[in-house]
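> Need the 3D shape of this:
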Amino acid sequence: MAFAQPSRPAPLPALFVPHGAPTLVLQPGAAGAALARLAADLPRPRAIVVVSAHWETEEPTVGTAPDLETLHDFAGFPPALYRVRYPAGADLAVAETVRKLLRQGGFAAHLDHGRGLDHGAWTPLCLMYPEGGIPVVPLSLQAGRSPAHHLRLGRALAPLLADGILLLASGNLTHNLGDFHQAFAAGGGTPAYVGEFAEWIGQRLAAGDEAALLDYRRQAPAAVRAHPSEEHLLPFFVALGAGGPACRPERRYHGIDAAVLAMDSYAFWPAAA
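Residues are numbered from 1 along each chain as shown. As a prediction, this is how the structure comes out:
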């Protein structure tokens, strides 16, 4: 008698997605619609590990709160934005798996039982999975560490993708708050560097030039202006690392919001997928 083999979860990519300005959740526009389409095109994950530019710790830290508070970590926005709540709780078993993988990868990983979801996490989640119902496990960045550190962190998490767990890394391909405020005040157009930097990233990905990407700060056009500080690009390297050294990058959206925010999103498909 033949017995049916238990089905394996469909493999998932690692995602790098933009969260833009906090008002993206109220005015999603083309970038928000692209996030919704991306989620609809993927198998439904059994859990989501979310890496946001807005959670920074000294060492990788995994959130385990059974009820994840929606953190409104900004000021001066419309009242409707402060009423947004994203219904989610962590999965302790998945969190422990994440910690185990990180420790196997050489990281001193920790748990945080109280951390909620900052807007870098809940903005894309609201647009991609608005009904909730999927366990979410937050994972912190180390803003003082290099892109190579975050690529290695992503590599450690690569096994999650074959187990039906989505890695969702949230930042922006360009992020200069000084230019953002200047454009808002003066009503100026988009500086040339925004598109040039985003295109350079896309070209280096297409060429499989990981070394240049890791060295983007010296090689990319206007890199320091595109990212005066690195925290909004570091999630990109986590997603790239999780895809694996032979991953297939797929640019899912290309565009600019608020004059200076490159909103490109990428799916990094593991070679096995």
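> Going by C-alpha atoms from here, please, whenever you check contacts or count neighbours.
OK.
> burial count for residue 76?
Around residue 76 there are 5 other residues, counting by other Cα atoms under 10 Å.
> Next: residue 106.
By other Cα under 10 Å, neighbour count at residue 106 equals 12.
> which SS class is it?
Three-state call for residue 106 (DSSP: H, G, I helix; E, B strand; the rest coil): coil.
> how far away is it from residue 265?
29 Å (Cα to Cα, to the nearest Å).
> got the CA coordinates for stretch 140-154 in CSV?
Extracted in CSV, the C-alpha atoms of stretch 140-154 (Å, rounded to 0.1, in the frame of the first residue of the first chain):
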residue,chain,number,x,y,z
SER,A,140,16.2,43.7,14.6
LEU,A,141,19.0,45.4,12.6
GLN,A,142,22.5,46.4,13.8
ALA,A,143,22.8,49.8,12.2
GLY,A,144,26.5,50.1,13.3
ARG,A,145,27.4,47.0,11.4
SER,A,146,28.3,46.6,7.7
PRO,A,147,26.2,45.4,4.7
ALA,A,148,28.4,42.2,4.9
HIS,A,149,27.2,41.6,8.4
HIS,A,150,23.5,41.8,7.3
LEU,A,151,24.1,39.7,4.2
ARG,A,152,25.6,37.0,6.5
LEU,A,153,22.6,37.4,8.8
GLY,A,154,20.3,36.8,5.8
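> neighbouring contacts of it?
51-53, 55-62, 102, 105, 107, 214, 230-231, 234-235, 237-243 (Cα atoms under 8 Å, 6 or more residues apart in numbering).
> Now a PyMOL select for only the buried ones of these.
Buried residues within the contacts of stretch 140-154, by 16 or more other Cα atoms under 10 Å, are selected in PyMOL with:
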select buried, resi 51+52+53+55+56+60+61+62+102+105+107+214+230+231+234+235+237+238+239+240+241+242+243
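> can you tell me which of the contacts of stretch 140-154 are in helices?
Among the contacts of stretch 140-154, the members falling in helices (DSSP state H) are 102, 214, 234-235, 237-243.
> and the longest strand along the chain, average pLDDT?
Longest strand of the chain, by residue count under DSSP state E: strand 47-56. Throughout strand 47-56, pLDDT has a mean value of 98.
> Direction-wise, compare it with helix 234-243 and give the angle.
When axes from the mean of the first three to the mean of the last three Cα atoms, to 10 degrees is applied, the directions of strand 47-56 and helix 234-243 differ by 150 degrees.
> Strand 47-56 pairs with which strands?
Using DSSP bridges, the strands paired with strand 47-56 are strand 136-141 (parallel), strand 165-171 (parallel).
> Nearest to residue 19 among these would be which one?
strand 165-171 (6.0 Å; Cα to Cα).
> What is the burial count for residue 271?
Applying other Cα under 10 Å, I find that residue 271 has 12 neighbouring residues.
> Name the nearest residue to it, ignoring sequence neighbours.
Leaving aside its sequence neighbours, residue 271 sits nearest to residue 247 (Cα to Cα, 6 or more residues apart in numbering; 5.1 Å).
> And the residue nearest in space to the middle of the chain, how far from residue 144?
Nearest residue to the geometric centre of the chain (Cα atoms, centre = their mean): residue 169, 1.5 Å. Relative to residue 144, residue 169 is positioned 18 Å away (Cα to Cα).
> next one: residue 191
27 Å.
> what's the answer for residue 12, then?
As judged by Cα to Cα, residue 12 and residue 144 stand 29 Å apart.
> Then residue 33?
Separation of residue 33 from residue 144 (Cα to Cα) stands at 33 Å.
> and what of residue 218?
17 Å.
> ok, now residue 272?
In terms of Cα to Cα, residue 272 sits 33 Å off from residue 144.
> how many other residues sit next to the residue nearest to residue 271?
Using other Cα under 10 Å: residue 247 sits among 21 other residues.
> for it, what are its contacts?
So residue 247 contacts 240, 268-271 (Cα under 8 Å, 6+ apart).
> Please enumerate the helices of the stretch 1-150 of the chain.
29-41, 79-82, 92-104, 119-128, 147-157 (DSSP state H, counting those that start in this stretch).
> Could you dump these into JSON lines and include distance to residue 111 and mean pLDDT?
Shown next, in JSON lines, are these (distance: least, Cα to Cα, whole Å; pLDDT from 0 to 100):
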{"stretch": "helix 29-41", "distance to residue 111": "28", "mean pLDDT": "98"}
{"stretch": "helix 79-82", "distance to residue 111": "27", "mean pLDDT": "98"}
{"stretch": "helix 92-104", "distance to residue 111": "8", "mean pLDDT": "98"}
{"stretch": "helix 119-128", "distance to residue 111": "18", "mean pLDDT": "98"}
{"stretch": "helix 147-157", "distance to residue 111": "16", "mean pLDDT": "98"}
